[in-house]
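Colleague: this one's structure only:
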Ligand SMILES: *Cc1c(COP(=O)(O)O)cnc(C)c1O
């Protein structure tokens, strides 16, 4: 199946009002181009270096919107600010402050989500659930940031539904708009639980290839 065919199949299951982010990590720039030609506009990457090379190769696609969905080191923030539509995984105040500083310097606001470590997994990034209100408060006080909502990656094992539902409850309590949740294996469940953004990679592009962009 081609990228366009897979994309059409995924799209068929996504209701209006839910944004599909095609996660193109470990896929060549040509695959992004193919999806773009089929009408896809939002793309996600999770390594700064890989994203920069790909963004350069695809700079002619002016209406393409990049989402940074991966964990982020503060020293890489400077590359992203002004170039991505949404930063999905802000999980600590230090990172929020750096994005805010760089954005304010440019006179812009960067849209961000707070990543929540919904299951409290030691191996995972994301803000612990009980730290979320405080982080949200800190972000709301910073000029240069536009806090849009919450994001999570539930544990690989087990039923993701309770985690999606918990994230939705947190989002509602905080009065935020967006819920970024659901990947190839579970995006239909995430949509049932109220996702407004789904991040789908392999279901659109096939298996990831260890390749240069
Ligand atoms: C890789 C990745 C995805 C997409 O995963 P698939 O299983 O290929 O759909 C979604 N979100 C994040 C944060 C990722 O790193």
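Modeller: Now that the structure is in, tell me what you want to look at. The shown structure was predicted, so the numbers you read here are calculated from the model rather than taken from an experiment. Residues are numbered from 1 along each chain as shown.
Colleague: ok, whichever residue of the chain sits closest to the ligand - how many residues close by?
Modeller: For the chain, the residue closest to the ligand is residue 201, as judged by C-beta to the nearest ligand atom, at 2.7 Å. For the C-beta atoms, the positions are set from N, CA and C on the backbone; glycine is no exception. Residue 201 is flanked by 21 other residues according to other C-beta atoms under 10 Å.
Colleague: what pLDDT does it get?
Modeller: Looking at residue 201, its pLDDT stands at 98.
Colleague: mind listing what it touches?
Modeller: Counting by C-beta atoms under 8 Å, 6 or more residues apart in numbering, residue 201 touches 22, 23, 24, 25, 27, 44, 183, 184, 208.
Colleague: that one and residue 124, how far apart?
Modeller: Note on residue 201: its distance to residue 124, by C-beta to C-beta, to the nearest Å, is 18 Å.
Colleague: please apply the same query to residue 75.
Modeller: In this view, residue 75 and residue 124 are 21 Å apart by C-beta to C-beta.
Colleague: what residues are up against the closest residue to residue 155 other than its chain neighbours?
Modeller: Leaving aside its sequence neighbours, residue 155 sits nearest to residue 119 (C-beta to C-beta, 6 or more residues apart in numbering; 4.9 Å). For residue 119, the contact set (C-beta under 8 Å, 6+ apart) comprises 154, 155, 163.
Colleague: helices along the protein, start to end?
Modeller: In the chain, the segments counted as helices under DSSP state H are 3-11, 29-37, 48-57, 77-80, 93-106, 132-140, 161-174, 187-192, 202-205.
Colleague: deepest-packed of the ones you listed, please.
Modeller: Stretch with highest mean neighbour count among these: helix 202-205 (a mean of 21; mean count of other C-beta atoms under 10 Å).
Colleague: how about the residues of the chain by the ligand?
Modeller: 23, 25, 46, 69-70, 153, 183-185, 199-203 (C-beta under 6 Å from any ligand atom).
Colleague: give me the buried entries from those.
Modeller: The neighbour count (16 or more other C-beta atoms under 10 Å) marks 23, 25, 46, 69, 70, 153, 183, 199, 200, 201, 203 as buried among the residues of the chain next to the ligand.
Colleague: adding distance to residue 7, write the residues you listed out as a markdown table.
Modeller: Formatted as a markdown table, these follow (distance: C-beta to C-beta, whole Å):
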| residue | distance to residue 7 |
| --- | --- |
| 23 | 12 |
| 25 | 16 |
| 46 | 20 |
| 69 | 18 |
| 70 | 22 |
| 153 | 22 |
| 183 | 15 |
| 199 | 14 |
| 200 | 9 |
| 201 | 12 |
| 203 | 9 |
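Colleague: pick out the most distant pair among these.
Modeller: Greatest spatial distance among those (C-beta to C-beta): 70 and 203, at 18.6 Å.
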